[in-house]
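Asker: Generate a structure from the sequence data that follows.
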Amino acid sequence: MTDIFSGQIFSGQTGALIGDTFTQAAQQYALTSPSSGKEIARVADCGVLEAHQALEASIAAFATWRKTTAYERSSLLRKWFNLILRDEQSIARLIALEMGKPVTEALGEVRYAASFIEWYAEEAKRVYGEVLPSQFGHKRLFATKHPVGPVYAVTPWNFPAAMATRKLGPALAAGCTVILKPAEQSPLTALKLAELWLEAGGPQGVIQVITCSDPVAVSGVFLDDPRVRKITFTGSTEVGRILTRQSAETLKRVSMELGGHAPFIVFEDADIDRAVQDVIACKFRNAGQTCVCTNRVYVQRNILEEFTAKLSVAVAALRVGDPLIASTQIGPLVDAQGLAKVKAHVADALTLGATASVGGHALEGLFFEPTVLSGVTADMLVMREETFGPVAPVIAFDSEAEVIAAANDTPFGLAAYLWTKDLARAVRVTESLEYGIIGLNDPVPSTAQAPFGGIKQSGFGREGGHWGLDEYLYVKYVSMAL
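Answerer: Modelled structure (predicted):
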């Protein structure tokens, strides 16, 4: 099978990592490139049998891994971080190949992914306990932190490296073992990371990667077993609800990073040229296929015409094409279902009176033109659902109170953005927006040391910083009488 980035037969791992062995299941499924439409690999299609094998290996490994010192875990994570950076170019090209992210952007993702391993290599040594004051002279009181246990982690296709390391880094630092199920569209990146973990000297069963085309039966094994103590999931709100309900039966610790519908508010005092570039950076990275990217662009009415004109010119200049070419800025949608949703949203908006100042059409294959929609109203699909595509709806507003109400009028609360030079306004608006992440004059606020997560139907729990580590620890209280 010839892949499109090297002209060579794809030679990386395609078997699931069970224990310390990459193993092909009885069945395989075909993985196709969204940019070329060609088959690039046949990946292990695991089922209940492989899930049970991974489960037992994870439980066995936890008995040992939990007892390693923080310094041992830190050293191993540091070695893994160095190997990821060593292979950053090949991992970036692998991301571009299997899910269509432009390779230059994918390289940024790999470095972002590695930063979580670096951060938690350091945080592993900072899991502190406490000595508590006692009202009794003969008692000593202690609070200590411990790993919650084996973890089942489910990651999406849009950040196949970063969503994996954002979960693996803190879990491993805490002393947990992890069974990782990557999205069926992007398993190769996860398998590559696991291969590097083993090269770094990672013990058997501490990280496992189970690949499958239908996750329901596989996930059921881990969700039903009380020995799996935590589930962490990044994906749609609909699936998040299902997994949360299933996890309740065994009272697992749960972290959910779910859907979003991010507003980007541009006030009249904004630097319009910078605001345009920031909207493009936020909206059009990964062809609009990120949970924190802009979904709605609110622009104060007296700068609406100038802003829309400049945004349209900038969007029209974006280069659409093969994601394996360094100059490409917009790659394909990940699959036919994703393309169909984008087409439906744009068609609905145009039917209801919006106009496309640039773009608006599907291209060959899974590509869609970068699009700016004007005259958008609240009843359109783009205003109620995540489009997950390269489409920027622009909406006029008049007052601060009006736009805050409109921005918050959604069941989601993951990320929101605003552009203003007015300090007092910046404070008022950021305090009023009902979101877990705010980008104030900053289109890309995420970083390894900061908390990432949402409120309302965007989920609960946080990834990143010490907050992310706490998700994998429980507190034990010891009262000792002398």
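
Asker: and stretch 155-165, C-alpha only, in PDB?
Answerer: Extracted as PDB, the C-alpha positions of stretch 155-165 are listed here (Å, rounded to 0.1, in the frame of the first residue of the first chain):
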ATOM      1  CA  THR A 155      -9.800  10.500  22.300                       C
ATOM      2  CA  PRO A 156     -11.100  12.200  19.100                       C
ATOM      3  CA  TRP A 157      -9.600  12.400  15.600                       C
ATOM      4  CA  ASN A 158      -9.100  16.200  15.400                       C
ATOM      5  CA  PHE A 159      -6.000  16.300  17.700                       C
ATOM      6  CA  PRO A 160      -4.800  12.700  17.500                       C
ATOM      7  CA  ALA A 161      -1.500  13.500  19.300                       C
ATOM      8  CA  ALA A 162      -2.500  16.300  21.700                       C
ATOM      9  CA  MET A 163      -5.700  14.800  23.000                       C
ATOM     10  CA  ALA A 164      -3.800  11.600  23.800                       C
ATOM     11  CA  THR A 165      -0.900  13.200  25.700                       C
END
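
Asker: Do me a favour and average the pLDDT over that stretch.
Answerer: The predicted model assigns stretch 155-165 a mean pLDDT of 98.

Asker: And the helices in the chain, which stretches?
Answerer: Using DSSP state H, the helices of the chain run over residues 48-65, 70-86, 88-99, 103-123, 162-174, 187-199, 215-224, 237-248, 272-283, 304-316, 336-351, 400-408, 423-432, 465-470.

Asker: which one of those lies closest to Leu482?
Answerer: Taking C-beta to C-beta as the measure, the helices of the chain were each checked against Leu482, and helix 70-86 came out nearest at 28.5 Å. The C-beta positions use only the backbone N, C-alpha and C, and glycine is treated the same way.

Asker: what's the distance between the closest one and the middle of its chain?
Answerer: On the basis of C-alpha atoms, centre = their mean, to the nearest Å, the separation between the geometric centre of helix 70-86 and that of its chain is 22 Å.

Asker: what sits up against it?
Answerer: Defining contact as C-beta atoms under 8 Å, 6 or more residues apart in numbering, one finds that helix 70-86 is touched by 91, 110-111, 113-114, 117-118, 120-122, 124-125, 127, 165, 169, 172-173, 175, 193, 196-197, 199-202.

Asker: For that helix, list every residue counted as buried.
Answerer: Buried residues in helix 70-86, counted by 16 or more other C-beta atoms under 10 Å: 73-85.

Asker: Spit out the contact partners of the nearest residue to Leu168 once chain neighbours are set aside.
Answerer: The spatial neighbour of Leu168 that comes closest, neighbours along the chain excluded (C-beta to C-beta, 6 or more residues apart in numbering), is Val178 at 5.7 Å. Taking C-beta under 8 Å, 6+ apart as the contact definition, Val178 lies against Ser58, Pro150, Val151, Tyr152, Ala153, Lys167, Leu168, Ala171, Leu172, Val206, Ile207, Gln208.

Asker: Format those residues as TSV; extra columns: distance to Pro187 and neighbour count.
Answerer: Formatted as TSV, these follow (distance: C-beta to C-beta, whole Å; neighbours: other C-beta atoms under 10 Å):
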residue	distance to Pro187	neighbour count
Ser58	18	27
Pro150	21	28
Val151	18	30
Tyr152	16	28
Ala153	14	26
Lys167	15	28
Leu168	15	29
Ala171	19	28
Leu172	20	30
Val206	19	25
Ile207	14	26
Gln208	13	26
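
Asker: of the buried residues of helix 70-86, closest to Arg229?
Answerer: Distances from those to Arg229 were compared by C-beta to C-beta; the smallest belongs to Arg73, at 17.9 Å.

Asker: rewinding a little: figure out which of the helices of the chain is closest to Gly439.
Answerer: Checking the helices of the chain against Gly439 by C-beta to C-beta gives helix 272-283 as the closest, at 7.2 Å.

Asker: tally of neighbours for Leu469?
Answerer: 23 (other C-beta atoms under 10 Å).

Asker: repeat for Ala25
Answerer: Ala25 is surrounded by 19 other residues when neighbours are defined as other C-beta under 10 Å.

Asker: show me the contacts for the nearest residue to it once chain neighbours are set aside.
Answerer: Counting by C-beta to C-beta, 6+ apart, Ala44 is the residue found nearest to Ala25 once chain neighbours are left out, at 4.3 Å. Under the criterion of C-beta under 8 Å, 6+ apart, the contact partners of Ala44 comprise Thr14, Gly15, Ala16, Thr23, Gln24, Ala25, Gln28, Glu50, Thr211, Cys212.

Asker: If we use 10 Å, what do you get?
Answerer: In this structure, Ala44 makes contact with 13-18, 22-29, 50, 187, 191, 209-213, judged by C-beta atoms under 10 Å, 6 or more residues apart in numbering.

Asker: And the buried ones among those, selectable in ChimeraX?
Answerer: Here is the ChimeraX selection string for the buried members of the contacts of Ala44, based on 16+ other C-beta under 10 Å:
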select :13,14,15,16,17,18,22,25,28,29,50,187,191,209,210,211,212,213
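
Asker: Which ones among the contacts of Ala44 lie within strands?
Answerer: If you go by DSSP state E, the contacts of Ala44 have Ala16, Leu17, Ile18, Phe22, Thr23, Gln28, Tyr29, Val209 in strands.

Asker: wait, doesn't the third one sit right on Ala57?
Answerer: Yes. At 6.4 Å, Ile18 and Ala57 qualify as touching, with contact defined as C-beta atoms under 10 Å.

Asker: joint contacts of those two?
Answerer: Ile179, Gln204, Gly205, Gln208.

Asker: Now, of those, which are buried?
Answerer: Buried residues within these, defined by neighbour count using 16+ other C-beta under 10 Å: Ile179, Gln204, Gly205, Gln208.

Asker: In JSON lines: those, plus distance to Asp269 and pLDDT.
Answerer: Formatted as JSON lines, the entries for the buried ones among the shared contacts of Ile18 and Ala57 read as follows, by distance: C-beta to C-beta, whole Å; pLDDT from 0 to 100:
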{"residue": "Ile179", "distance to Asp269": "50", "pLDDT": "98"}
{"residue": "Gln204", "distance to Asp269": "58", "pLDDT": "96"}
{"residue": "Gly205", "distance to Asp269": "56", "pLDDT": "98"}
{"residue": "Gln208", "distance to Asp269": "52", "pLDDT": "98"}
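
Asker: Grab the two from these that are most spread out in space.
Answerer: For the buried ones among the shared contacts of Ile18 and Ala57, the maximum inter-member distance is 13.2 Å, found between Ile179 and Gln204 (C-beta to C-beta).

Asker: okay, and the common contacts of these two?
Answerer: Leu17, Ile18, Ala57.
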